[in-house]
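> Provided below for reference: sequence and predicted model.
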Amino acid sequence: MPTYKLPIGPQHPAIKEAFHFTFELDGEVVVDVKPRLGNVHRGIEKGMELRSWNQGTFLVERICGICNTPHTTCYALTVEELYGVEAPPRAQYIRTIINELNRIHSHLLWIGILGMELGFWSYFMYVWRDRERVMDVVEMITGNRVTTSAIIIGGVAYDIPPHMEGTIRRAMDFLEERTKFYKQVLENEPTIRARTENVGVLNKSRARDLCAVGPVARASDLKTDVRFDEPYCSYGEVPFNLITYPYCDVYARALVRADETLESIEIVRQCLDKMPSGPIKLRLPRAPPPGEAVNRVEAPRGELMHYCKSDGKEKPYRFKARTPTLANIPALCEMLKGYYIADIPAIIASIDPCYCCTERLLFVDINTGKKWVWTYDELKRYSLKWNEKNGGRRR
Amino acid sequence: MAMIREIWRNFPKRPATLKYPFERLEPSERYRGKHHFDPKLCVGCGLCARDCPAKAIEMVTFSDGKRRPVFYLDRCIFCAVCERICPRNAIKLTKFYELATYDKSELVLKEALEPEK
Amino acid sequence: MIEPLIAIFKIVVFPGLAFITLLGLVYEWIDRKAVARFQNRIGPLYAGPRGFLQPLADFLKLMAKEDIVPTWADKLLFNAVPLFAVTIPTLASLYIPITGYPVLPPFEGDLVLVVALTTFFTITAFIAGLASTNRFSTIGAERAALQLLGFEIPMFISVASAAMAAGSLSITVIAERQFLPFALLQPLGFAVYLIALQAELERVPFDIPEAESEIVAGWLTEFSGKKLAFLRLSADIRLVLGAALATAIFLGGGSGPVLPPIVWFLIKSIAIVIVSAMLRALFARLRIDQMVRGAWKYLLPLSMLQLLMTKILLLVVV
């Protein structure tokens, strides 16, 4: 059966960031998918080596706009591990609150985007109107709506004084009621269910083989959530539920995210109840002692890992981030096969792609008239040889 | 038809859109906007310039012999590190955010400038 | 001497081409404002009072833009499509009695002509997509043709039940013979017609041929500049045609107390436009296979049921 290729991206009204997939189609059915990443590569890992540890916090934050808080939290935890200290308890609770507020805003954003991808503009408008409430709360606490710049090495930069608690609690009540309404629309609207049920199915064993993370894995009935597996900040002290659904399709992923929003609202309330008093940051020396550290956090999109290596100097020796969207790309390619073109936006949207997080090497494509692709090892070997020839590492 | 009550309820109501610039939102107290710099408090230590993540602050020696920071707002990421690290609290980020301009020289803050409303 | 001039005036200005075009722009404004208000937004605001001139501003802007014809496109068909797209619905709307009497003389069977012209438009969309030789356009064209398979027959049958109840195939006669609007006497047929209208106009939940988030702009993708301006104008004119046909056949045309027929006609057709805008705001987009399957599973049996009920009622009463 003759197939034809349909390119989606890097410019397309469906996608917010520049990525490229080449679909092989047979009529309207997708037969094969080939991703080509690299359109949003910004050289952040190299940029981290040129900035001091504290300055690096703000560069790490800008890896992704929507999930900026998990990036700073992970980085701060990693560097604090290098120092061998832990942030004060009050700072841990405030970090948890800010992270959960970020998760609420990210999931509400995603639910609106799902509506947009399905052509359901009214849903998108209403969800984003109500999402403004959580943005206002974040602005009240940290001073900015999106890139919060609130979590720093050693603690947090802004405290939550008692007079803010009332506003936060009222906002949580409002959001809980609205999120329940949006979840109910997801469940009861026949056009949404027709477009998302049994679409983009990824069964449990394939999800485990392809290392899916985050809500994608949890919607395929895998019980994996870094907040449970390795509690960080104050997640160990605040009880909440791990949400899984067994349906394995786009509908399940939507339900997982809606339920996680409700759980996050509950976590924020409990953190406000249990927050201890005390300092909110530590004074730390300018450079951590030599060593390396790895840390994982649960970003709204899944498991996020940062790795830092220090050689005692003011600037990091090496930084690496592995973002959840990159882990979900193989699962995505599997999910797309066998479905219609019309399902493509819904399926791509269902992994909550954040391509600005994803572009971090593992794929190097250089065009100088001659095309060749290097693996990471080849790149490393070339780079070492070049540096040897040019007299040591250029710092 | 799940959203039918919602859309009929909102049909006669005021839209949620604000007609900016005629109707504006007031940012929160902690909003990080344009810098307000008090030169009387500054001692010229240069910590703000050293720690700025975006390298948006430059220490310049002025005609009276004192070293003071010059802020480049087109590079600034409004992270407030300079505000936190100044040992004399000479830098404060105000709530003014309407910084778009046709003239880049307006984005270079030299000396002490009053914050606009 | 003056008769031909009056006829030309009627065809070209009022209530003919210019009036229909103007009505198209006004209806687009009403539709955009209604959808915006349903979504708690403002809609067009700055062009003219309350954004009234926004559709005209969009049209003029597109007329001024560069007109690019793809190298591989079929030049003749590509250039002809916008002409057909505007001419066909405008011609059809000349048979609808907007002021109580249509512009072109009515005859028995002009209902069939009007409904057939709407089919011709969808074929024009199909040709547009094929002539563009762009992958997205081809998919859009194929979807437009499939959608036609879904909505065409239920629409014809629901309109036919109204014709059967009125005993005539002329739109003007059907509009006059409604002592009670057929929307009340034949609610099933009316509902089927409204849903099929949504599909014919390619609006959500049936904007599958032009699905923005999937295939850029479907069969409209390669058109730009003046051609795109005319294609968008054709969408507006089809909205006028669909609402006017629904008003004439199901809502009693221009009948009503006190006010002149044209005012009643406009009020009723604007009500239909607002209902269509509400349907736009309520639903997500369906997939093409779901749409065709749903049309054959639900729309067709309902319209046939309506036809049967009308026939039985006529046999019993008359």
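In hand now; what should we look at?

> Tell me who's in contact with C:L314.
By C-beta atoms under 8 Å, 6 or more residues apart in numbering or on different chains, the contact list for C:L314 reads C:M164, C:A165. The way it works is simple: take the backbone N, C-alpha and C, and place the C-beta from them, glycine included.

> ok, now B:C45?
B:P87.

> three-state assignment of it?
coil (DSSP: H, G, I helix; E, B strand; the rest coil).

> how many neighbours does the residue lying closest to A:T72 once chain neighbours are set aside have?
Spatial nearest neighbour of A:T72, chain neighbours left out: A:I151 (4.2 Å); criterion: C-beta to C-beta, 6 or more residues apart in numbering or on different chains. Taking other C-beta atoms under 10 Å in any protein chain shown as the criterion, the count of residues near A:I151 is 32.

> And A:L282, by the same measure?
Residues lying near A:L282 (other C-beta under 10 Å) number 16.

> now the closest residue to it other than its chain neighbours: how far from chain C?
Leaving aside its sequence neighbours, A:L282 sits nearest to A:G154 (C-beta to C-beta, 6+ apart; 4.0 Å). Separation of A:G154 from chain C (C-beta to the nearest C-beta, to the nearest Å): 43 Å.

> Domain-wise, how is chain A divided?
Using automatic domain parsing, the domain parsing of chain A gives A:44-358, A:363-395.

> which one of those lies closest to C:L149?
domain A:44-358 (16.6 Å; C-beta to C-beta).

> how close does A:Y247 sit to A:A254?
Distance, A:Y247 to A:A254, by C-beta to C-beta, to the nearest Å: 10 Å.

> buried ones in stretch B:93-106?
Across stretch B:93-106, burial judged by 16 or more other C-beta atoms under 10 Å in any protein chain shown covers B:L93, B:T94, B:K95.

> Who are the contact partners of the first one?
Meaning B:L93. Contacts of B:L93 (C-beta under 8 Å, 6+ apart): A:G143, B:Y31, B:R32, B:G33, B:K34, B:H35, B:H36, B:F78, B:A80, B:E83.

> and what of A:T72?
A:T72 touches A:T57, A:V60, A:E61, A:T148, A:S149, A:A150, A:I151, A:I152, counting by C-beta under 8 Å, 6+ apart.

> re the thing from before, settle this for me: the residue nearest to A:T72 is touching A:T73, isn't it.
Yes - the pair A:I151 / A:T73 is scored as a contact, 5.5 Å apart, by C-beta atoms under 8 Å.

> And the residue of the stretch 1-150 of chain C found nearest chain A, how far from C:Q198?
Of all residues in the stretch 1-150 of chain C, C:Q39 sits closest to chain A, at 4.1 Å by C-beta to the nearest C-beta. From C:Q39 over to C:Q198 the distance is 17 Å, taken as C-beta to C-beta.

> When those two are compared, which one has more neighbours?
Set side by side, C:Q39 and C:Q198 show more neighbours around C:Q39, with 25 against 21, by other C-beta under 10 Å.

> Setting aside sequence neighbours, what's the nearest residue to that one?
Distances taken as C-beta to C-beta, 6+ apart place A:M125 nearest to C:Q39, at 4.1 Å, with adjacent residues excluded.

> moving C-terminal of the worst-scoring helix or strand of chain C on mean pLDDT, what's the next helix or strand?
Using mean pLDDT, DSSP states H and E, the weakest-scoring helix or strand in chain C turns out to be helix C:212-215, at a mean of 58. Next along the chain after helix C:212-215, taking DSSP states H and E as the criterion, comes helix C:226-250.

> Could you single out the nearest of the buried residues of stretch B:93-106 to A:G43?
For these, the nearest to A:G43 is B:L93 (28.4 Å; C-beta to C-beta).

> Can you read off the pLDDT for the closest one?
pLDDT for B:L93: 92.

> Now it: phi and psi?
Dihedral pair for B:L93: phi -90, psi 120, per degrees, to the nearest 10.

> beta partners for it?
Beta bridges link B:L93 to B:H35, judged by DSSP bridges.

> what sits against the closest residue to A:C308 other than its chain neighbours?
Once flanking residues are discounted, A:C308 sits nearest to A:T78: 4.7 Å by C-beta to C-beta, 6+ apart. A:T78 makes contact with A:A293, A:V294, A:N295, A:H306, A:Y307, A:C308, according to C-beta under 8 Å, 6+ apart.

> May I ask which helix or strand encompasses A:T78?
A:T78 belongs to helix A:68-83 when assigned by DSSP H and E.

> now A:I348
Judged by DSSP H and E, A:I348 forms part of helix A:344-350.

> And residue 64, what's its pLDDT?
Just going to use chain A. 84.

> meant chain B, my bad for not saying
Confidence score, pLDDT, at B:D64: 78.

> a helix runs through A:C308, doesn't it?
No - assessed with three-state DSSP, A:C308 is strand; it does not lie in a helix.

> residue contacts, the residue of the stretch 201-318 of chain C found nearest chain B?
In the stretch 201-318 of chain C, the residue that lies nearest chain B is C:A281 (5.3 Å; C-beta to the nearest C-beta). Neighbouring residues of C:A281 by C-beta under 8 Å, 6+ apart: A:W121, A:S122, B:M3, B:I7, C:V35, C:F38, C:Q39.

> Looking at the residues you listed, spot the one nearest C:L23.
The closest of these to C:L23 turns out to be C:V35 (C-beta to C-beta; 18.3 Å).

> Next to chain A in this structure, residues from chain B, please.
Within chain B, the positions adjacent to chain A are B:1-3, B:6-7, B:16, B:27-32, B:51-54, B:77-81, B:84, B:93 by C-beta under 8 Å from any C-beta of the partner chain.

> Buried among those? Make that a PyMOL selection.
To isolate the buried subset of the residues of chain B next to chain A in PyMOL, counting by 16+ other C-beta under 10 Å, use the following:
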select buried, chain B and resi 2+3+6+7+16+27+28+30+31+32+51+52+53+54+77+78+79+80+81+93
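
> May I have the secondary structure class of A:G112?
Applying three-state DSSP to A:G112 yields a three-state assignment of helix.

> Strands of chain A, start to end?
Taking DSSP state E, the strands of chain A run over residues A:4-8, A:20-26, A:29-36, A:151-152, A:155-156, A:291-299, A:302-310, A:318-322, A:364-367, A:371-374.

> how far away is the residue most central in space within chain B from chain C?
Centroid-nearest residue in chain B: B:G33, 2.0 Å away (criterion: C-alpha atoms, centre = their mean). Taking C-beta to the nearest C-beta as the measure, B:G33 falls 27 Å from chain C.
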